[in-house]
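Asker: Model the structure of this input:
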Amino acid sequence: MTGPAFRYTTPTAFRSALKERFGQIARTDRRYRLDELQRPESFVVPDVTGWAARYPKVAAEAPGPAPDFAAAAALASKIFDPILGRTAIGRWSPSSRSWAPD
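Answerer: Below is the predicted model of the structure:
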């Protein structure tokens, strides 16, 4: 069994999709202006206590083994920090858990 395909194959495609989604939110929810939305420089769990408490239940629903919360947050940082910091090159390789040149 193979894992799900990642929809965005390059960091640029992912950044473009995020920008488009932020634009959609800003257009439909007038509380937010697109020029006021700021891109974070790195991945941060917004509410560590809350997310850590809910994570085990969600992780238990995963189709395969899931890391504990700390490892999952570290992996998310490894994936997203290079995208947010505009240093990611190539494609994300789930098997090596790293960005690999095309």
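
Asker: Give the other helices and strands that the helix or strand bottoming out on mean pLDDT in the chain contacts.
Answerer: Least confident helix or strand, the chain: helix 11-28 with a mean of 74, by mean pLDDT, DSSP states H and E. Other elements packing on helix 11-28 under the criterion 3 or more CB pairs under 8 Å, 6 or more residues apart in numbering; DSSP states H and E are helix 69-84. In short, each C-beta sits where N, CA and C put it, glycine included.

Asker: avg pLDDT for the helix it packs on?
Answerer: Averaged over helix 69-84, pLDDT sits at 91.

Asker: Extract the CA atoms of it and return them as CSV.
Answerer: This file holds the C-alpha atoms of helix 69-84, laid out as CSV (Å, rounded to 0.1, in the frame of the first residue of the first chain):
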residue,chain,number,x,y,z
PHE,A,69,3.1,14.7,19.1
ALA,A,70,6.6,16.0,19.6
ALA,A,71,7.9,13.9,16.6
ALA,A,72,4.9,15.0,14.4
ALA,A,73,5.5,18.7,15.2
ALA,A,74,9.2,18.3,14.5
LEU,A,75,8.4,16.6,11.1
ALA,A,76,6.0,19.4,10.3
SER,A,77,8.8,21.9,11.0
LYS,A,78,11.1,19.9,8.7
ILE,A,79,8.5,20.0,5.9
PHE,A,80,7.2,23.6,6.3
ASP,A,81,10.1,25.7,7.5
PRO,A,82,12.0,25.5,4.2
ILE,A,83,8.8,26.4,2.3
LEU,A,84,8.0,29.3,4.6
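
Asker: thought Glu41 was touching Leu84?
Answerer: Yes - the pair Glu41 and Leu84 qualifies as a contact (CB atoms under 8 Å) at a distance of 6.0 Å.

Asker: State the distance from Val58 to Phe80.
Answerer: 18 Å (CB to CB, to the nearest Å).

Asker: okay, these two: which has more neighbours?
Answerer: Each of Val58 and Phe80 has its neighbours counted (other CB atoms under 10 Å); Phe80 has more, 18 against 12.

Asker: ok, now which ones touch that one?
Answerer: Counting by CB atoms under 8 Å, 6 or more residues apart in numbering, Phe80 makes contact with Ser42, Phe43.

Asker: hmm, try it at 7 Å
Answerer: Phe43 (CB atoms under 7 Å, 6 or more residues apart in numbering).

Asker: Perfect, that will be all.
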